[in-house]
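A.B. asks: Below is the sequence, then the predicted model.
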Number of protein chains: 2
Amino acid sequence: MAGVSQTTVSLVLNGRAEGEVRISPETRDRVLQVIRETGYVADPAARRLVERRNRIYGVFTYEAVFPAESADFYHPFLVGIEECAEEAGCDLLLFTSAKVEQGERRRIFSAESRIRLADGCVLLGRTIDRDDLSRLLSEGIPFVSVGRRDDAGGPVPYVGADYPPAVRALVGRAAALGHRRMAYVGSGQGPESYADRLRGFTEGVAAAPGVEGVHLTSADGLFDAGATVVFAEELADGAAIAEVARARGLDVPRDLSIVALGAPTRPVSTDIDFAGFRIPRREMGRRAVELLTHVLEHGGAPQELLACELVEGSTLAPPAQR
Amino acid sequence: MAGVSQTTVSLVLNGRAEGEVRISPETRDRVLQVIRETGYVADPAARRLVERRNRIYGVFTYEAVFPAESADFYHPFLVGIEECAEEAGCDLLLFTSAKVEQGERRRIFSAESRIRLADGCVLLGRTIDRDDLSRLLSEGIPFVSVGRRDDAGGPVPYVGADYPPAVRALVGRAAALGHRRMAYVGSGQGPESYADRLRGFTEGVAAAPGVEGVHLTSADGLFDAGATVVFAEELADGAAIAEVARARGLDVPRDLSIVALGAPTRPVSTDIDFAGFRIPRREMGRRAVELLTHVLEHGGAPQELLACELVEGSTLAPPAQR
DNA sequence: TAGCTGAAGTAATCCGTATTAGCAGATTCG
DNA sequence: CGAATCTGCTAATACGGATTACTTCAGCTA
């Protein structure tokens, strides 16, 4: 349509006409005009084949992104990811095709995996398969995880929430209010985020003179433990504990303080305004895309932790007088 | 590694060795063995290049998809779209790069439009630019609109909600309860969905003997119109009317019945359980993807309307006795 | 006028896969 | 015994775009 060769179109399309290669302004404008009229776009697969960038960032989640159950969890991350992708002029590819058998979760590397269609990939999820991670690393696929991940045959690029200092600070607050016996309820293992919270708790207790800490994997023995404040690994745990406490005639926070280490911004089946912290999810999403761009350009495995802002809430108060 | 040509590997990999093309079992096993050992996977980009299909479906919205303001509106559609794309083995491309100047809305055909990256496209939005639609049609870009659209230089493929029968049925219900003077509040034009609702109202009134209908573009003159039931074009309108009615000392539904023709499933700033109908958004999303697949394979411009389920609610009752 | 230079653009090649036509050797047919 | 058929495999090519080496032509120099 512009009366030029495929080569020329390619050169114009990629702005190479300004540098070493010479294309006259007239020709260039003619080509650009036709491109504009037709909305021509280079085929991403072909481009990809020649090993160049697509301006497509993939987003991988093990579960569906949109359904209501997980929506509240993923949503803030996606807002940030979308914002930043928009600024970077990139499109987002949701790997919805990565399904396997009914009932199974998605896998990054299925036989039909199209992860390589994207320039790079943002990984989202509470836990991410270790094998998947190490394979991503060993195959050199650019990616950034949202959420800290332990090494998987090498350092994993991530942007996570910095739980330990936040939890330590909360333990410190509780100590300052006079609490001397504190409980952590939750597994403290599995996802890195749980381990980080427990670690923060342990460190916080160790740093507070005269404070005793106990780790319970479930709320069962909680009320026999004599704790005046409980740190719940998840907001849901906190809600459950509050429920039981009330059933036993205990007042929160007069008789028992509760600190929720989950995501207080999330609307759960409780309207208690828990003390805790805010996970900067939107910022994490944004930063993940920024880091991905960086990885694509310079390589490496950047790791960043973003601070969690403490939330005052109404469930942390001085312990009742004996 | 297996001592065979690339062709043979391809044939074995795709199971073509059983049919027309012949590969000896020994050779085949040898190749499979090497594939197993190396974890070889065909490059999806190259594969797509040959297939001339990327298995990417685009999702275009005029506003950002994820931000909280629009989330409630788009979310159910996206659930359906994602579900169905997953079943179809396709990835979703969100046109996040279609940004223009700050403050402006996205455009399908910007100078930088990347719509052709996708095999086809699902369009989402209350209103869609007529020029965009007719250009999509004239350029033969496969797409399906979520929401009915008037012709734009040709029939537009869509899956919409079937408002007229739903509104007619609601008018019928009101008539059966004894209402004789009914008002429709809303523009009745602009988006096709508004026009369809007003049309349903008009038809419903015409079909109900002894019933008078009046169309008001705003709620201003409502209380002078003498209507005992009001059909609000949007849920928000309904909420506003209820507010004003209460301020005037009117009881809903004793003194005034209100039917909301919007989306009662949406959590708005009201907790009134309006009478109205449920827009089958999730199903619309699903069906849109199914239709898009159909369009890609067979062409055409399928048009479908899905029924809205009536919602009883608590705002429609017999009119007060004079 | 031969020789050189720079500007503008293009033919040829490659990326990794799927597909098709075809080839060499063995077997069967007439 | 030559021709046809079958068997098992591969060379060549297409897909769409990026890159590189090269061609062509005009203008300039000595």
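C.D. replies: Cool, got the structure.

A.B. asks: drop to CA atoms for contacts and neighbour counts, all remaining ones
C.D. replies: Fine.

A.B. asks: and the residue of the stretch 151-300 of chain A nearest chain B?
C.D. replies: residue A:282 (10.4 Å; Cα to the nearest Cα).

A.B. asks: Contacts only, for that residue.
C.D. replies: Under the criterion of Cα atoms under 8 Å, 6 or more residues apart in numbering or on different chains, the neighbours of residue A:282 are A:76-81.

A.B. asks: Sort out which of those residues are in helices and list them.
C.D. replies: Counting by DSSP state H, the contacts of residue A:282 place A:76-81 in helices.

A.B. asks: want to try a markdown table for these, with pLDDT and distance to residue A:195 as columns?
C.D. replies: Shown next, in a markdown table, are the ones in helices among the contacts of residue A:282 (pLDDT from 0 to 100; distance: Cα to Cα, whole Å):
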| residue | pLDDT | distance to residue A:195 |
| --- | --- | --- |
| A:76 | 86 | 23 |
| A:77 | 91 | 21 |
| A:78 | 89 | 24 |
| A:79 | 87 | 26 |
| A:80 | 92 | 25 |
| A:81 | 93 | 25 |
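
A.B. asks: Return the member of these nearest to DNA strand C.
C.D. replies: residue A:81 (29.6 Å; Cα to the nearest atom of the strand).

A.B. asks: Check the burial of whichever residue of the stretch 201-322 of chain A sits closest to DNA strand D by counting its neighbours.
C.D. replies: Here the stretch 201-322 of chain A gets closest to DNA strand D at one residue, residue A:297, 14.0 Å apart by Cα to the nearest atom of the strand. Here the count is done by other Cα atoms under 10 Å in any protein chain shown, and residue A:297 has 10 residues near it.

A.B. asks: Which pLDDT value goes with it?
C.D. replies: For residue A:297, the model assigns a pLDDT of 82.

A.B. asks: next one: the one 10 residues further on
C.D. replies: We note a pLDDT of 97 for residue A:307 in this prediction.

A.B. asks: Got phi/psi on the closest residue to it other than its chain neighbours?
C.D. replies: Sequence neighbours aside, residue A:162 is the residue nearest to residue A:307 in space, at 5.2 Å (criterion: Cα to Cα, 6 or more residues apart in numbering or on different chains). Phi and psi for residue A:162, reported as degrees, to the nearest 10, are phi -90, psi 90.

A.B. asks: re the thing from before, what comes up buried for the strand or helix carrying the residue of the stretch 201-322 of chain A closest to DNA strand D?
C.D. replies: Assigned by DSSP states H and E, residue A:297 belongs to helix A:281-298. Within helix A:281-298, the residues scored as buried using 16 or more other Cα atoms under 10 Å in any protein chain shown are A:281-293, A:295-296.

A.B. asks: The next helix or strand after that helix pairs with which strands, parallel or anti?
C.D. replies: Later in the chain than helix A:281-298, the nearest helix or strand by DSSP H and E is strand A:303-307. Strand A:303-307 has its sheet partners listed here by DSSP bridges as strand A:158-162 (parallel).

A.B. asks: Touching the strand it pairs with from outside, list them.
C.D. replies: A:144-149, A:279-280, A:284, A:287-288, A:301-308.

A.B. asks: what angle do the following helix or strand past that strand and strand A:303-307 make?
C.D. replies: From strand A:158-162 onward toward the C-terminus, using DSSP H and E, the following helix or strand is helix A:163-176. Computed by axes from the mean of the first three to the mean of the last three Cα atoms, to 10 degrees, the angle separating helix A:163-176 from strand A:303-307 equals 30 degrees.

A.B. asks: Which strands and helices lie in contact with helix A:163-176?
C.D. replies: Packing partners of helix A:163-176 (3 or more Cα pairs under 8 Å, 6 or more residues apart in numbering or on different chains; DSSP states H and E): helix A:192-207, strand A:309-311.

A.B. asks: so of those, which one's packed in deepest?
C.D. replies: helix A:192-207 (a mean of 21; mean count of other Cα atoms under 10 Å in any protein chain shown).

A.B. asks: can you give me how far that helix is from the chain middle?
C.D. replies: 19 Å (Cα atoms, centre = their mean, to the nearest Å).

A.B. asks: I'd like the mean pLDDT over it, please.
C.D. replies: 96.

A.B. asks: strand partners of the following helix or strand past that helix, parallel vs antiparallel please.
C.D. replies: Counting by DSSP H and E, the next helix or strand C-terminal to helix A:192-207 is strand A:212-216. Sheet pairing for strand A:212-216, assigned by DSSP bridges, gives strand A:181-185 (parallel).

A.B. asks: pretty sure residue A:74 contacts residue A:65?
C.D. replies: Yes. When contacts are counted by Cα atoms under 8 Å, residue A:74 is listed as touching residue A:65 (6.7 Å).

A.B. asks: Compare neighbour counts for these two and give me the winner.
C.D. replies: Neighbours were counted for residue A:74 and for residue A:65 using other Cα under 10 Å; residue A:65 has more, 25 against 22.

A.B. asks: Is that one located within a helix, as I assumed?
C.D. replies: No. Using DSSP: H, G, I helix; E, B strand; the rest coil, the assignment for residue A:65 is coil, not a helix.

A.B. asks: Quick check: which ranges of the stretch 51-200 of chain A have low pLDDT?
C.D. replies: Residue ranges of the stretch 51-200 of chain A with pLDDT under 70: A:51-52, A:67-71, A:97-105, A:110-112.

A.B. asks: buried stuff in stretch A:15-24?
C.D. replies: Buried residues in stretch A:15-24 (16+ other Cα under 10 Å): A:17, A:23.

A.B. asks: And for stretch A:86-96?
C.D. replies: Judged by neighbour count (16+ other Cα under 10 Å), stretch A:86-96 contains these buried residues: A:86, A:89-96.

A.B. asks: Quickly note the distance from residue A:134 to DNA strand C.
C.D. replies: Residue A:134 is 20 Å from DNA strand C, where distance means Cα to the nearest atom of the strand, to the nearest Å.

A.B. asks: meant to ask about residue A:192
C.D. replies: Distance from residue A:192 to DNA strand C, by Cα to the nearest atom of the strand: 35 Å.

A.B. asks: For that residue, which residues are in contact?
C.D. replies: A:127, A:148-150.

A.B. asks: Let's see that with 7 Å instead.
C.D. replies: A:148-149 (Cα atoms under 7 Å, 6 or more residues apart in numbering or on different chains).

A.B. asks: and if you look at the one 4 residues further on?
C.D. replies: When contacts are counted by Cα under 7 Å, 6+ apart, residue A:196 is found next to A:163-164.

A.B. asks: What about residue A:173, how many residues nearby?
C.D. replies: By other Cα under 10 Å, the residues close to residue A:173 number 17.
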